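Novice: Based on what follows, work out the 3D shape:
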Amino acid sequence: MTPRAARAAAFLSGACVLVLELVGSRLLSPVFGSSLYVWSSVITVTLAALAAGAWAGGLLADGRDSQRWPARLFAAAGLWLAAAPFARKAVLGAAAGLGLKAGSLLAALVLLGLPLGALGAVAPLCVRLCAASLAGVGRAAGSVSALGTFGSVLGALAAGFWLLPALSAALLLEAVAGVLFAAAALLSWGARGAAGAAGAAALCALLSYAVPPNGSRRAKVLAAEDSLYGAVRVVDRLDWGRRVLYIDGVANTVASLPGLHNTSEYMLAFEAAAASAAGRGARRALLVGLGGGALVKRLATYNIATDVAELDPAILRLARDWFDFKPTGEVWLEDGRRVLERPGADYDLVYLDAFAGDQTPEQVFSLEAFQAARRRLKPGGMLVFNLIGRASGPEAGFARAALRTLREVFPEVRMLVPNLGLPPDAEVVNLVFYASDAPFAPDPAGFSQRPELVAWWKTASSQWVDPGGGGALVTDDFNPVAMLSAPGMAEMRAMMLSHGEGVDL
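Specialist: Numbering: from 1, shown residues only. Have a look, this model is predicted:
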């Protein structure tokens, strides 16, 4: 194995490591989400595997046949990655029983630990092969390290900008396996290995079509995309009689079958604001976070046209294809904060309902974001904001932060728990905030044409909750949203894991 081939191997191993690290979150997200806990698990496994691999690679470099080991390590990593998509469902299902933190750590270790360790062992071998003498060890180590890091840079760019948006997690694993098999053949046999390299890549391409489809007896997966922003699935839940839009395993939109009528109670809380505003002549709204587009359809019944800001093109495409979304206003594929900040039409209602799986985007939850929303509201207009967390008690820091920050901008802010039959002080619930210049006091007479809304309001009207004072003031410079939302989201995810949610996605 020549020094030039060794340097190429170092570059390739660095590129593959970063691709695997980024695809790792996609492998876990249908079950465990893509929260801070999951990313911590993936990064921990990556660093631990690379450290173990570097130690083992050093031992191999001082032993016999050091020049043959890079090819063997590439082949071993490729074999594991080629098998991983077939084992993924079983691994995630078994790990789910351990909870969010331990489960995500174990799943990442089983699926990616060995191939990452094998790739980590390549660098010390390459240093040995590049150093012609003891005097050249420093130069060899520097060049191998630089090439490996440069490969990691290109791997990160390729994975984030092109590969993850274009390929599913399973297909991307098979593609990396094919590249590693091809590299092993070329390193072992040089030009004579070209045919073997091409055959290995073709075999992995065929394997990608043999990966078992998502779904189960209870869930028929209609569409699945691993977009830039999360694992997005449209699923007919046969056990619920519902069509569900999942983002990173969290049910974002739930619609009845047949008819595709949204059945979420927080949507009724959104509608209550629209019904009251329509009675005062409201005709235009802005929605940040499209989901399945149910709110747009609901507001159209009140002759309210809705502009939409949605960051993920996959969400827009799936809403149109599977949830009968039909725009009634402008649709912008861009960050909602940018839409709020720029000059434009004034709105009677602004709805903030943006979620990335089980995370609230920080850029739409801050003092400055709420100020931008108020600038886009007409006099007397209302901001309606949906969050998930505890409504009261010591674990309601997220709700208290939202209340305090909104009250810095709006004189009147109230929080409603729209979920019926759930104790707001004992479980994670939807938290719907109404912020305006005047108190929000819906007139039930405006609901008379909607028996479902009337029935819901009879109970929900008693569920106004004051989470208490002392909340954090959230700004662009001090934005602890991830920390504040983590306990509630982890609790929600734990409840999902206890029911095996996400394994069939």
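
Novice: Next, work out how far apart Ser256 and Arg237 are.
Specialist: 11 Å (C-beta to C-beta, to the nearest Å). Just so you know, the C-beta spots here come from the backbone N, C-alpha and C atoms, and that holds for glycine as well.

Novice: who's more crowded, these two?
Specialist: Comparing Ser256 with Arg237 by other C-beta atoms under 10 Å, the one with more neighbours is Arg237, at 17 against 13.

Novice: Show me what the more buried one bridges to in the sheet.
Specialist: Arg237 forms beta bridges with Ala219, Arg242, as assigned by DSSP bridges.

Novice: Show me where the stretch 151-300 of the chain has its strands.
Specialist: Secondary structure of the stretch 151-300 of the chain (DSSP state E, counting those that start in this stretch): strands at 219-227, 230-237, 242-247, 250-256, 284-288.

Novice: which of those strands is buried the deepest?
Specialist: The highest mean neighbour count among these, using mean count of other C-beta atoms under 10 Å, belongs to strand 284-288: a mean of 25.

Novice: Parallel or antiparallel, list what pairs with that strand.
Specialist: Strand pairing for strand 284-288, using DSSP bridges, gives strand 305-309 (parallel), strand 347-352 (parallel).

Novice: and the top strand by length along the chain, what's its mean pLDDT?
Specialist: Counting by DSSP state E, the longest strand found in the chain is strand 377-389. Strand 377-389 shows a mean pLDDT of 95.

Novice: Check stretch 173-189 too.
Specialist: When pLDDT is averaged along stretch 173-189, the result is 89.

Novice: Give me the distance between that stretch and the centre of its chain.
Specialist: 30 Å (C-alpha atoms, centre = their mean, to the nearest Å).

Novice: Next, the residues that contact it from outside, please.
Specialist: For stretch 173-189, the external contacting residues (C-beta atoms under 8 Å, 6 or more residues apart in numbering) are 1, 5, 9, 12, 16, 19-20, 23, 27, 68, 70-72, 74-75, 77-79, 81-82, 84-85, 163, 167, 193-194, 196-198, 200-205, 207-208, 211.

Novice: which outside residues touch stretch 137-147?
Specialist: Outside stretch 137-147, the residues touching it (C-beta under 8 Å, 6+ apart) are Pro3, Ala6, Arg7, Ala10, Phe11, Gly14, Ala123, Cys126, Val127, Cys130, Ala131.

Novice: ok, which pair from these is furthest apart?
Specialist: Using C-beta to C-beta, the contacts of stretch 137-147 span at most 18.6 Å, a distance reached by Gly14 and Ala131.

Novice: higher neighbour count, the two?
Specialist: Gly14 (26 against 20).

Novice: Relative to Ala354, how far out is that one?
Specialist: From Gly14 over to Ala354 the distance is 35 Å, taken as C-beta to C-beta.

Novice: same check, this time on Ala54
Specialist: Using C-beta to C-beta, we find Ala54 at a distance of 41 Å from Ala354.

Novice: Of those two, give the one with the bigger neighbour count.
Specialist: The residue with more neighbours, out of Ala54 and Ala354, is Ala354; 24 against 15, by other C-beta under 10 Å.

Novice: Pull the contacting residues for the nearest residue in space to that one that is not next to it in sequence.
Specialist: The shortest distance from Ala354 to any non-neighbouring residue, by C-beta to C-beta, 6 or more residues apart in numbering, is to Gly289 (3.3 Å). Contacts for Gly289 (C-beta under 8 Å, 6+ apart) come out as Ala309, Glu310, Gly336, Tyr351, Leu352, Asp353, Ala354, Phe355.
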